[in-house]
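Undergrad: After the sequence you'll find the predicted model.
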Amino acid sequence: RAKRRGRGRFELFDEELRARAGERVRLERDLHRALEREQFRVVYQPVVDVRTRQVVGAEALLRWDHPDWGTVSPMEFIPVAEESGDIVAIGEWVLREACGQVSRWQQRWPEFRLSVNVSGRQVAEPGLPERVAAILAEEGLAPGTLGLEITESVLMEADGDPEVILARLREAGARLLLDDFGTGYSSLSYLKRFPLDTLKIDRSFVDGLGSEDEDSAIVAAIVQLASTLDLTVVAEGVETEEQLAQLLALQCDLAQGYLLSRPIDAPDLERLLGDTPEPVLRAA
Ligand code: C2E
Ligand code: MG
Ligand code: MG
Ligand code: MG
């Protein structure tokens, strides 16, 4: 009996595995065609000054609208696109799309800043700095308008010399933001080696602000460190007034999170900027 049940379960598991493998094959295949089928769109999450709550910029976040599955999370499809290599073309599309938007916004709000996430595969592409420079020139963006968000793991896994690549990206006119800061391995040595502009404190530390002493201590330390190293610091994933109050007390510069705004589409962001008198404060 036990044996039969065991085997039955095994078969069920096997079927499940096969179904999942099939889904993965379809995911890869559909993802490969998503660009030409125009299934991608970019949403923008406002980044605000912690003291004034004015919007100083936004983070571009990619969305994939699949005809059968609805909106697929980037957490699901970005790793797949990384593996297949499609991320290179997709990433370039995001850059163009987002820079095109911000070039329009910049005419009205000259200090507005935008950041775009880039993945390991993109950073490893030899032509990225040239392409970034070309896009900035085509869209007429002021240097420093575009920021590139890079995680520690991307730097860790980069073959070639990440210091050289980052320096070239910066020469091309991009700011560099270290994303999900604190979750990687060698954070501190990276701060010393790489020409960074901004640290983004990972959401996992912001979560417990005001309720967990460890989180408050870690955020306080990161803000201190950033200030000493003359880096801007952004807190990610702010969901409560309590967290924002703590960030204000700790003198964190900027914040983003559902409390302030969810990621929204371009027209909504324009409305948000238009509704606020002098929405964009200054280069933070
Ligand atoms: P990330 O760059 O760390 O982006 C922040 C994520 O946190 C976004 O998820 C955002 O929607 C979410 N978020 C913002 N505020 C809150 C909050 O208050 N609470 C919670 N629980 N979440 C919040 P999203 O858009 O699903 O993106 C997930 C990840 O996918 C991003 O993490 C980034 O690593 C990657 N990603 C997104 N767009 C792109 C892209 O265009 N290119 C690449 N290479 N990666 C991307
Ligand atoms: Mg990011
Ligand atoms: Mg992040
Ligand atoms: Mg993250």
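TA: On my side now, so go ahead. Ligands and ions are numbered 1, 2, ... in the order given.
Undergrad: Every contact and neighbour count from this point should use C-alpha atoms.
TA: OK.
Undergrad: surely V118 meets I90?
TA: No. V118 is beyond contact range of I90, at 10.3 Å (criterion: Cα atoms under 8 Å).
Undergrad: Residue numbers of this structure in contact with ligand 1?
TA: When proximity is defined by Cα under 6 Å from any ligand atom, the chain lies next to ligand 1 at 61-62, 73-75, 91, 94, 117-119, 180, 237-239, 257-258, 263.
Undergrad: Now a PyMOL select for only the buried ones of these.
TA: To isolate in PyMOL the members of these that are buried, counting by 16 or more other Cα atoms under 10 Å, one can use:
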select buried, resi 61+62+91+94+117+118+119+180+237+238+239+257+263
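Undergrad: got a list of contacts for stretch 165-179?
TA: The contact list for stretch 165-179 (Cα atoms under 8 Å, 6 or more residues apart in numbering) reads 123, 128-130, 132-133, 136, 143-152, 194-202.
Undergrad: from the stretch 101-250 of the chain, which residue is nearest to ligand 3?
TA: D180 (4.3 Å; Cα to the ion).
Undergrad: separation between that residue and G173?
TA: Distance, D180 to G173, by Cα to Cα, to the nearest Å: 22 Å.
Undergrad: now G237
TA: Distance from G237 to G173, by Cα to Cα: 27 Å.
Undergrad: Kindly report the same for E239.
TA: For E239, the distance to G173 - Cα to Cα - is 32 Å.
Undergrad: before we move on, what about A34?
TA: Counting by Cα to Cα, the gap from A34 to G173 is 30 Å.
Undergrad: next one: F205
TA: In this view, F205 and G173 are 30 Å apart by Cα to Cα.
Undergrad: Confirm R18 sits in a helix?
TA: Yes. Using DSSP: H, G, I helix; E, B strand; the rest coil, the assignment for R18 is a helix.
Undergrad: For it, grab the count of nearby residues.
TA: Neighbour count of R18, defined by other Cα atoms under 10 Å: 12.
Undergrad: Model confidence score at it, please.
TA: Looking at R18, its pLDDT stands at 81.
Undergrad: so which strand or helix has G160?
TA: According to DSSP states H and E, G160 maps onto no helix or strand at all.
Undergrad: Tally up the residues packed near it, please.
TA: 11.
Undergrad: Please list all residues in contact with it.
TA: With Cα under 8 Å, 6+ apart, G160 has these contacts: A124.
Undergrad: quick one: it and D215, what's the gap?
TA: 35 Å.
Undergrad: Now do the helices in the stretch 51-200 of the chain.
TA: Here the stretch 51-200 of the chain has its helices, by DSSP state H, counting those that start in this stretch, at 74-84, 87-108, 120-124, 128-139, 152-157, 162-171, 187-193.
Undergrad: hmm, the fifth one in reach of ligand 3?
TA: Pointing back at helix 152-157 there. No. Residues of helix 152-157 are not located near ligand 3 by Cα under 5 Å from the ion, the shortest gap being 10.7 Å.
Undergrad: Return the set of buried residues in that helix.
TA: Buried residues in helix 152-157 (16+ other Cα under 10 Å): E152, S153, V154, L155.
Undergrad: How far away from the center of its chain is it?
TA: Put simply, helix 152-157 sits 14 Å off its chain's centre (Cα atoms, centre = their mean, to the nearest Å).
Undergrad: Could you do the first one as well?
TA: For helix 74-84, the gap between its own C-alpha mean and the chain's C-alpha mean amounts to 14 Å (Cα atoms, centre = their mean).
Undergrad: angle of it against helix 87-108?
TA: 130 degrees (axes from the mean of the first three to the mean of the last three Cα atoms, to 10 degrees).
Undergrad: Show the secondary-structure elements that helix 74-84 is packed against.
TA: helix 2-34, strand 55-66, helix 87-108 (3 or more Cα pairs under 8 Å, 6 or more residues apart in numbering; DSSP states H and E).
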